[in-house]
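In: Fold the following and give me the result.
(one chain, ligands or ions: 1)
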Amino acid sequence: MIPQSDPKAGYLAHQREIDEAVKQTLDSGWYILGKQVAAFEQEFAAFVGVGHCVGVANGTDALVLAMRACGIGAGDAVITVSHTAVATVAAIELAGAEPMLVDIDPVTFTICPQAVEVAIKSYRGKAKLKAIIAVHLYGHPAEMAAIQELARRYELKVVEDCAQAHGAKLAERRIGSIGDIAAFSFYPTKNLGALGDGGAVVTNDAGLAERLRLLREYGWRERYVSEIAGMNSRLDELQAALLRVKLQYLDEENARRRQIAAVYDEELKPSGLALPKCVGEVEHVYHQYVVRSRERDVLKARLREQGIGTLIHYPVPVHLQPAYRHCAHSALPETERAAREVLSLPMFPQLRDEQALQVCDAILHG
Ligand SMILES: *Cc1c(COP(=O)(O)O)cnc(C)c1O
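Out: Here you go, the predicted structure:
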């Protein structure tokens, strides 16, 4: 059996250090917002190359808090994609705003700047357009230069959804350091995964960082005094402690993901599948290795019979899900085509070369 991802292997790879960090934290007697979270926030900000990091409870909250810190809420609209984790769109509504979903680029699967511009120009709704959320899907950076240019021209904020792209680079800069503010998830299967829930918001804007710190804990600067209306969304000490261990290995593990991708790239050339492409000056981190096929469902079933796990990210575009049918403002043909054709092959740093070759063999000859 070859699983599609394996968060337990990610624990076992660093078990001794993680166990030690967890034990130390348990012994410390301090479990919420203490030294581990503060140290992780510093180390992760340095890793991304930003001034500030605020640890929060999960990636969805990170997006909600990023928007709320930017003053986005009721009466506002936010542009993003439908081809993403539902969390991206759910977060916009949780912040009180209206999602406006646009189509993707069919090669990179990330937000299409031309579609964003069309949406901005043709928008006639009552809500005020405030921001664009660019999702760095599958580990490939979105086309940020064009998005930043549109944001400047139309006075919009840019929020990066970095949940699938920890460590990825665009023109030598880490994603998360490019827009106004960025959200990360540390869900166990992500490139930097906790052993439970976790998330973070990063920014270079000290004012936004200060608002984030208030918003994540009831608007408190001083305990028990709410300066603004906040929520409870805290990263806990245990998760922060083990994230500090795993962060040390993130670049190495992302490099291993690229090696596995190179094996797939080479071996699957004759397969007839559309393989992932890097567009622009990007360093892809292959959160997922996603192929496209018109016979996707047949291929998926065939691989399952041979003990190879695959997943579909995502089978139903957000705008076609019952809760979000009101969010599509135009046809989204590339999004709907992607949902029919994409398949995510096994991808995690502990996947061995011979296992990757076995996957390729099953695709080519199985
Ligand atoms: C995982 C993910 C999220 C949400 O993160 P959670 O920690 O599960 O709340 C948001 N956006 C994208 C693109 C994701 O992949």
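In: This structure against the ligand: which residues are in contact?
Out: Neighbours of the ligand within the chain, by Cβ under 6 Å from any ligand atom: 58-60, 84-85, 87-88, 135, 161, 163-164, 185, 187, 197, 199. C-beta coordinates here come from the backbone N, C-alpha and C atoms, glycine included.
In: Next step: those restricted to helices.
Out: If you go by DSSP state H, the residues of the chain next to the ligand have 59-60, 87-88 in helices.
In: which one among the residues you listed gets closest to D76?
Out: Proximity of these to D76 (Cβ to Cβ) peaks at T88, which lies at 15.8 Å.
In: Tell me how far whichever residue of the chain sits closest to the ligand lies from E222.
Out: Using Cβ to the nearest ligand atom, the single residue of the chain nearest to the ligand is G59, 2.4 Å away. Using Cβ to Cβ, to the nearest Å, one gets 29 Å for the distance from G59 to E222.
In: circling back to that earlier point, let me have the ones in helices among the residues of the chain next to the ligand in JSON lines, extended by neighbour count.
Out: Formatted as JSON lines, those follow (neighbours: other Cβ atoms under 10 Å):
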{"residue": "G59", "neighbour count": "27"}
{"residue": "T60", "neighbour count": "23"}
{"residue": "A87", "neighbour count": "22"}
{"residue": "T88", "neighbour count": "26"}
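In: I133 looks like it's in a helix, true?
Out: No - applying DSSP: H, G, I helix; E, B strand; the rest coil, one finds I133 to be strand, outside a helix.
In: Now do the buried residues in stretch 295-314.
Out: Neighbour counts over stretch 295-314 (16 or more other Cβ atoms under 10 Å) mark 296, 299-300, 303, 308-314 as buried.
In: Quick one: end-to-end length of that stretch, please.
Out: By Cα to Cα, to the nearest Å, the extent of stretch 295-314 from end to end equals 16 Å.
In: which residues of the stretch 251-366 of the chain fall in strands?
Out: Secondary structure of the stretch 251-366 of the chain by DSSP state E, counting those that start in this stretch: the strands cover 282-283, 289-292, 342-345.
In: Next up, the contacts around the residue nearest the centre of the chain.
Out: Closest residue to the average C-alpha location of the chain: A163 at 1.8 Å, with Cα atoms, centre = their mean. Neighbour list for A163: 59, 85, 87, 135, 183-185, 187, 190 [criterion: Cβ atoms under 8 Å, 6 or more residues apart in numbering].
In: Outline the domain layout of this protein.
Out: 7-247, 250-365 (automatic domain parsing).
In: chain center to the last one: distance?
Out: The chain centre lies 16 Å from the centre of domain 250-365; the measure is Cα atoms, centre = their mean, to the nearest Å.
In: End to end on it, go ahead and measure it.
Out: 34 Å.
In: Likewise for stretch 107-124?
Out: 30 Å.
In: among the buried residues of stretch 295-314, which two are most distant?
Out: Most distant of those, by Cβ to Cβ, are I308 and Y314, 19.8 Å apart.
In: which residues touch the closest residue in space to L332 that isn't next to it in sequence?
Out: The spatial neighbour of L332 that comes closest, neighbours along the chain excluded (Cβ to Cβ, 6 or more residues apart in numbering), is D103 at 4.7 Å. D103 sits next to 81-82, 112, 115, 330-335 when contact means Cβ under 8 Å, 6+ apart.
In: For those residues, which single residue is the most surrounded?
Out: When neighbours are taken as other Cβ atoms under 10 Å, the top entry among those is V81 (32 neighbours).
In: Number of residues surrounding the closest residue in space to that one that isn't next to it in sequence?
Out: In space, and not counting its chain neighbours, V81 is closest to I111: 5.0 Å by Cβ to Cβ, 6+ apart. Per other Cβ under 10 Å, the neighbour tally for I111 reads 29.
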